[in-house]
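**Student:** Give me the fold of what follows.
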Amino acid sequence: MPKRKSYLYYINTKFGVNQHKHMSEHDPETVELDLDKMAVDAISKAVLDYIKLEGQKESFVNAFLSWTWKNMDGPGIMDNFMKLPKKLKNL
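**Tutor:** Numbers count the residues shown, from 1 in each chain. Predicted structure coming up:
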């Protein structure tokens, strides 16, 4: 299992956070950002942290999960999840 810092770096890179926050002289002068996708990704990350801490009882959590299922290809996401090794499913 990777350390928290490693997987947070991976997640932030995947979501475009690192490119946005940590531009250096070696990076291109422009970065293309999909602000709608980045917003959903950031809220997803926050909701998942909230679920770990408080559970899934709040109506706003269920509303967001329902919205993402409908709008973000829930069945496709579940297909990808089912293909993961068992040890990754139990995290």
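**Student:** Would you mind putting the CA coordinates of the longest helix out of those in the chain into PDB?
**Tutor:** Criterion DSSP state H: the longest helix present in the chain is helix 35-54. Coordinates of each C-alpha in helix 35-54 appear next as PDB, following Å, rounded to 0.1, in the frame of the first residue of the first chain:
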ATOM      1  CA  LEU A  35     -13.100  23.600 -14.400                       C
ATOM      2  CA  ASP A  36     -16.400  21.700 -14.300                       C
ATOM      3  CA  LYS A  37     -14.500  18.400 -14.000                       C
ATOM      4  CA  MET A  38     -12.100  19.800 -11.500                       C
ATOM      5  CA  ALA A  39     -15.000  21.000  -9.300                       C
ATOM      6  CA  VAL A  40     -16.700  17.600  -9.400                       C
ATOM      7  CA  ASP A  41     -13.300  15.900  -8.600                       C
ATOM      8  CA  ALA A  42     -12.600  18.300  -5.700                       C
ATOM      9  CA  ILE A  43     -16.100  17.700  -4.200                       C
ATOM     10  CA  SER A  44     -15.700  14.000  -4.700                       C
ATOM     11  CA  LYS A  45     -12.500  14.000  -2.800                       C
ATOM     12  CA  ALA A  46     -14.000  16.000   0.000                       C
ATOM     13  CA  VAL A  47     -17.200  13.800   0.200                       C
ATOM     14  CA  LEU A  48     -15.100  10.700   0.300                       C
ATOM     15  CA  ASP A  49     -13.100  12.100   3.200                       C
ATOM     16  CA  TYR A  50     -16.300  13.100   4.900                       C
ATOM     17  CA  ILE A  51     -17.700   9.600   4.500                       C
ATOM     18  CA  LYS A  52     -14.600   8.100   6.100                       C
ATOM     19  CA  LEU A  53     -15.000  10.400   9.100                       C
ATOM     20  CA  GLU A  54     -18.800  10.700   9.500                       C
END
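**Student:** Past that helix, which element shows up next along the chain?
**Tutor:** helix 59-71 (DSSP states H and E).
**Student:** Between helix 35-54 and that following helix, find me the angle.
**Tutor:** Angle, helix 59-71 to helix 35-54, by axes from the mean of the first three to the mean of the last three Cα atoms, to 10 degrees: 140 degrees.
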